[in-house]
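Enquirer: Give the three-dimensional model of this entry:
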Amino acid sequence: MVRAIRNAITKQKTVRALLHAIERHRPFHLAASLLGDRQVRRIYWNYLVRRRQMREALLARGALPRNLYIEGTNACNADCVFCGYGRMQRPKLVMSMDLFRSVIDQYVALGGKAIGFTPIVGDPMIDRLLFDRLDYLEATPAIKYVGFYTNSIGLTPEKIDRLFTYRRLQLSMNISFGGFDRDTYKAVMGVDRFEPVRENVLYLLSQLESREHPNVRVKLDYRCPDLEAGRTDPFIARIEECIKHGVVRQDTLHGVFDSFGGMIAEEDLASAGLRRNIGMPKMGPCEILFTKPIVLADGRVNACAERDLEATLIIGDLKQESLERILTGPRRTALMESFYRNRLATVCAGCTVYQSVYNPRAKVWSNQLNWEPAASVEDPAA
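Expert: Predicted coordinates:
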């Protein structure tokens, strides 16, 4: 079967060119993927055999993305080794409430239900208007789901208490956690803030246990090397106890990170004991174009909320046109088509977060958030 797939692939000129490009840079990864990775084989199969059918299914989704992201601010209080924040040239801004309300009103008119406050870089907890924004969303019945990542440096007890006051919104908070001791945390997160983070997390855990609030869900995302086997201390034990009883969830990358759009080198990560992944072969459009557009603090709309640090994938400006016009406009379509022509934007070419729309496990095929009201919803922050 693998031989048949490879033969079929090499008979197609466009795909052959892409394969040659991949083989020049990552021959061993390509060979291992084709021979040993069932998921990669399914992506190739879908691209070759089911491409038209799946493309039509995507277009049937309409212009409304799975989730809309809002850059309340692109400022951060950390300088993580795996993030491009310290190299950003864009000015640090805070979105005005007038612009925010306009975005939400237009989004709701399109049928939007889910908002993500995770910016390309930055931390929502240092957005001075965060709770004004949440108040507005709480008072907007159409908005049901709000999610975000935070490093929890600014997640003070006062802010934690405030988050528990929202009774209608389903809040999903992911904590990007850089280590279980001061030295590891500083190496990964770039700042010496382990102690306040530890205290903030412990307070959050205590409040999650003591309050009845099913609308607040928390996940700890470990952004550090895996713990040594058998290592424990009171902090680790407390977290593990809460995970065991379902108070919080956990996830880990096992110390393996992406290239942040080609910006982060292996040696950058190695300094903190981390490794870099090499990504997946690019077959067809990236699902992020369908799932995670972001409105920047200045009103421009970027097609990708993931790794486009300098916002080079701009598809419109809300100061000049409506959100609907931007989401249905030619710039977004052209970006999607660029993957078929193998003429990728620089940031896309170097990105290892890429996920093909032809992967049946991609979020673009999940009927969640904006695409279907569901009793059990995935993390809007993810």
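Enquirer: and the closest residue to A142 other than its chain neighbours, how many neighbours does it have?
Expert: Leaving out its chain neighbours, the residue that sits closest to A142 by Cβ to Cβ, 6 or more residues apart in numbering is V108, at 4.4 Å. Glycine gets a C-beta too; all of them are placed from N, C-alpha and C. Neighbourhood size, V108 [other Cβ atoms under 10 Å]: 15.
Enquirer: and V108, that's in a strand?
Expert: No. Under DSSP: H, G, I helix; E, B strand; the rest coil, V108 sits outside any strand and is assigned helix.
Enquirer: Confirm for me that it is in contact with I143.
Expert: Yes. Counting by Cβ atoms under 8 Å, V108 does reach I143; the two are 6.8 Å apart.
Enquirer: Pull the number of nearby residues for the residue nearest to G190 when sequence neighbours are not counted.
Expert: Using Cβ to Cβ, 6+ apart and skipping the chain neighbours, the partner closest in space to G190 is D79 (3.3 Å). A count of nearby residues for D79, using other Cβ under 10 Å, gives 12.
Enquirer: what's the answer for T346, then?
Expert: By other Cβ under 10 Å, neighbour count at T346 equals 11.
Enquirer: quick one, phi psi at it?
Expert: phi -60, psi -50 (degrees, to the nearest 10).
Enquirer: Same question for the residue nearest to G350 when sequence neighbours are not counted, what's its three-state structure.
Expert: Leaving out its chain neighbours, the residue that sits closest to G350 by Cβ to Cβ, 6+ apart is G262, at 2.2 Å. Secondary structure assignment for G262 (three-state DSSP): coil.
Enquirer: got it, and D132?
Expert: Assignment for D132 (three-state DSSP): helix.
Enquirer: circling back: for the residue nearest to G350, what are its contacts?
Expert: 346-347, 349-351 (Cβ atoms under 8 Å, 6 or more residues apart in numbering).
Enquirer: For M336, see how far away it is.
Expert: 20 Å (Cβ to Cβ, to the nearest Å).
Enquirer: With T312 instead?
Expert: For T312 relative to M336 (Cβ to Cβ), the value is 16 Å.
Enquirer: Comparing those two, which residue is more hemmed in?
Expert: Each of T312 and M336 has its neighbours counted (other Cβ under 10 Å); M336 has more, 18 against 14.
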